[in-house]
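# I'd like to go over a predicted model; first the sequence, then the structure.
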Amino acid sequence: MNSDDTGRFLLAAAPGGLSIVQDLLNSASMPVASIPDLLADEATAQEWLDASLSRWGGQTGRAAPRITISRADLPALRDLRDHVRGWLTDADDPSPQVLHADVSFRDGHITYEPRGDGAAAVASLVNLEALLASHTGALTRLKTCLNPDCGAAFYDRSRNGTRVWHDMKTCGNTMNLRASRARRRETPSPQRTEGAESRADR
Ligand SMILES: [Zn+2]
């Protein structure tokens, strides 16, 4: 099994520590492609977390914290993932999230270490990175694919920031074709316009 879930969807990692937020979203299942939920099982969840923390460390240039997940942590982790997914679609979420960290000043920078272990430590790390990214504007570029059968999380590096598909060739074309068929069904025209589908390719 490929534990590199960014590789799972062939997607480039979001910049800096935001990759942990993207990795959390991409741990989800995708039934249409028979992709399982990595947070459904203790072993795959730990494997997912180790790979995600390693990427986070590589991207932030910091020593990745060692966090151990137990079976009891799994529901909280899946809950956290649901909350974060809601944030990206601008759904109001007034329920407060966990954030426990030790903040210190070192070598001219403020750094932090998440406190505790298990789901609480993962939540602190994810919530802190989302908070930081929401202040730099980077969070608005972390998106979930608009194809309801997909939902893969990607970082939109397009100039105008209007990308909505994780991949144009797969989800973009599929959804544009589906929309065009629906339009044809709704407005039966006396003339067939095969092959003249309009393509909104963003
Ligand atoms: Zn997609």
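Yep, that arrived. Numbering: from 1, shown residues only.
# residues from this protein in reach of the ion?
For the chain, the contact set with the ion under CB under 5 Å from the ion comprises Cys145, Asn147, Cys150, Ala152, His166, Cys171. All C-beta spots, glycine's among them, are computed from the backbone N, C-alpha and C.
# Buried subset of those, written for ChimeraX?
Restricted to buried positions by 16 or more other CB atoms under 10 Å, the ChimeraX selection for the residues of the chain next to the ion reads:
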select :145,147,150,152,166,171
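# Show me which positions of stretch 97-110 end up buried.
Gln97, Val98, Leu99, Ala101.
# same question but for stretch 162-175, I mixed them up
Going by neighbour count (16+ other CB under 10 Å), the buried part of stretch 162-175 is Arg163, Val164, Trp165, His166, Asp167, Thr170, Cys171, Gly172, Met175.
# Among the residues you listed, which lie within strands?
Residues of these located in strands (DSSP state E): none.
# all helices in the chain, in order from the N-terminus.
With helices called from DSSP state H, the chain shows them at 5-8, 19-25, 42-60, 74-88, 118-136, 173-186.
# Output those helices in CSV; the columns should cover mean pLDDT.
Converted to CSV, these look like this (pLDDT from 0 to 100):
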stretch, mean pLDDT
helix 5-8, 59
helix 19-25, 97
helix 42-60, 96
helix 74-88, 96
helix 118-136, 96
helix 173-186, 82
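# Including distance to Val32, could those go into CSV?
As requested, the helices of the chain are arranged in CSV below (distance: least, CB to CB, whole Å):
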stretch, distance to Val32
helix 5-8, 14
helix 19-25, 17
helix 42-60, 19
helix 74-88, 17
helix 118-136, 26
helix 173-186, 10
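# ranking these by burial, who's on top?
helix 19-25 (a mean of 26; mean count of other CB atoms under 10 Å).
# which other helices and strands contact that one?
helix 5-8, helix 42-60, helix 74-88, helix 118-136, strand 142-144, strand 153-155 (3 or more CB pairs under 8 Å, 6 or more residues apart in numbering; DSSP states H and E).
# Please save the CA atoms from that helix in PDB.
C-alpha atoms of helix 19-25 as PDB (Å, rounded to 0.1, in the frame of the first residue of the first chain):
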ATOM      1  CA  SER A  19       0.700  19.900   3.800                       C
ATOM      2  CA  ILE A  20      -0.400  18.200   7.000                       C
ATOM      3  CA  VAL A  21      -3.900  19.700   6.500                       C
ATOM      4  CA  GLN A  22      -4.000  18.600   2.900                       C
ATOM      5  CA  ASP A  23      -2.700  15.100   3.900                       C
ATOM      6  CA  LEU A  24      -5.500  14.800   6.500                       C
ATOM      7  CA  LEU A  25      -8.100  15.600   3.800                       C
END
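# Need the residues that contact that helix.
5-6, 11, 13-14, 48, 51-53, 55-56, 59, 77, 80-81, 84-85, 88, 122, 125-126, 129-130, 133, 139, 142, 144, 151-155 (CB atoms under 8 Å, 6 or more residues apart in numbering).
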